[in-house]
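K.L.:
need a structure here:
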Amino acid sequence: MRIGLIACDILEPEFELLLKDDPDFVHKEYVEFALHAYPDEMREKLLEKVNALKGEVDAVLLGYAVCQSLGGFTEAVDIPTVMFDGDDCICVLLGANEYTREKKICAGTWFSSPGWAREGMDGIVKELHLDSVEGVDPMFFMDMMFDSYERCLYIDTGVKDEKGEYLAKSKDFANQLRLRHDERKCGLSALENAIKKVKALAANVSP
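P.N.:
Residues are numbered from 1 along each chain as shown. Okay, the predicted model is just below:
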C-alpha cells in the first residue's frame, strides 16, 4: 500500500517518532504552522496538496484537527483521507477530556507541545506578523496578548531530542512572558489510531 502524510509541522516530532521506519508512508510533507492565521487559505492549500497526490498514493493521513476551517475536509478531496477529530492539535494530543480538565485547572494556560516549544517566541511573532510594525518591539504586543495568561504547560509526548531543547525552549518561553511553567505527560494514541485507520483505508483501496 502507498500512504501519504500531509501534516502541520507542529506535529512533526510525533509523526517522525511513529513513522520513521514505516515503508507504507511513501510521501511525507509538513506544512508551515503559520497558515493557521489564515484559515481559508489553509483549507485551499491543503485541498491542493491532498488532491495533488491522486494516483500517487492509495490514501492520505491529514495531520490536522478541525483548526477553524477544515470541517468536512475528507468529503471535499478526491483521495480517501483520514484526519483527526478535535478543535486543534492540543486537543488531539491530550484528548478532549484532559484538555478541558487542564483549562479548568488554569483558564489562562498556554499549551506547549514539543512542536510549539520548538517554534518558541519567534514562531508566534512570525505567525501573527507582530514584527511588521516598524520601530515597535514585538514583545510589546506579546505582553498585551498574554496579559491574561498565568502558566505555560509543557506536554511531554515522549519525543526526545538529544539536548532536551524542547523542554528548555518551553521554559524559556514561559520566562520571557513571566508565566509559571508546569509539565505533564501524554500518549500518542490519537496519532496511532489515525495511522491504523489510514492503513485500513489504503488496504481496501490498493489492488
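K.L.:
Got the phi and psi for the closest residue to Gly63 other than its chain neighbours?
P.N.:
Distance criterion Cβ to Cβ, 6 or more residues apart in numbering; nearest residue to Gly63, sequence neighbours excluded, is Ala7 at 2.5 Å. Where you see a C-beta, it was placed from the backbone N, CA and C, and this is true even at glycine. Note on Ala7: its backbone torsions stand at phi -140, psi 160 [degrees, to the nearest 10].
K.L.:
residue boundaries of the strands in the protein?
P.N.:
3-8, 25-31, 59-63, 81-83, 109-112, 151-156, 180-185 (DSSP state E).
K.L.:
Same list (these) but as TSV, adding mean pLDDT, mean neighbour count and distance to Phe140.
P.N.:
Output for the strands of the chain, formatted as TSV (pLDDT from 0 to 100; neighbours: other Cβ atoms under 10 Å; distance: least, Cβ to Cβ, whole Å):
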stretch	mean pLDDT	mean neighbour count	distance to Phe140
strand 3-8	97	24	28
strand 25-31	97	17	29
strand 59-63	97	26	34
strand 81-83	96	23	37
strand 109-112	96	22	18
strand 151-156	97	21	19
strand 180-185	97	14	22
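K.L.:
quick one, which of those strands is nearest to Val133?
P.N.:
With Cβ to Cβ, the closest approach to Val133 among the strands of the chain belongs to strand 109-112: 22.4 Å.
K.L.:
Run through the residues that contact the nearest residue to Lys126 once chain neighbours are set aside.
P.N.:
The shortest distance from Lys126 to any non-neighbouring residue, by Cβ to Cβ, 6+ apart, is to Ala34 (5.8 Å). Neighbouring residues of Ala34 by Cβ atoms under 8 Å, 6 or more residues apart in numbering: 123, 126-127.
K.L.:
Do you know the pLDDT at Ala34?
P.N.:
Ala34 carries a pLDDT value of 78.
K.L.:
pretty sure Glu32 contacts Asp9?
P.N.:
Yes - in this structure, Glu32 is within contact of Asp9 by Cβ atoms under 8 Å, at 6.2 Å.
K.L.:
out of these two, which sits in the more crowded spot?
P.N.:
Asp9 (19 against 14; other Cβ atoms under 10 Å).
K.L.:
who are the neighbours in contact with the more buried one?
P.N.:
Applying Cβ under 8 Å, 6+ apart to Asp9 gives the contacts 30-33, 115.
K.L.:
again, but for Phe141
P.N.:
Shown in contact with Phe141 (Cβ under 8 Å, 6+ apart): 128, 130, 133.
K.L.:
number of nearby residues for the last one?
P.N.:
Counted with other Cβ under 10 Å, residues neighbouring Val133 total 11.
K.L.:
related to what we said a few turns ago, dump the strands of the chain to JSON lines, plus distance to Leu19.
P.N.:
As requested, those are exported to JSON lines (distance: least, Cβ to Cβ, whole Å):
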{"stretch": "strand 3-8", "distance to Leu19": "7"}
{"stretch": "strand 25-31", "distance to Leu19": "5"}
{"stretch": "strand 59-63", "distance to Leu19": "9"}
{"stretch": "strand 81-83", "distance to Leu19": "14"}
{"stretch": "strand 109-112", "distance to Leu19": "23"}
{"stretch": "strand 151-156", "distance to Leu19": "20"}
{"stretch": "strand 180-185", "distance to Leu19": "21"}
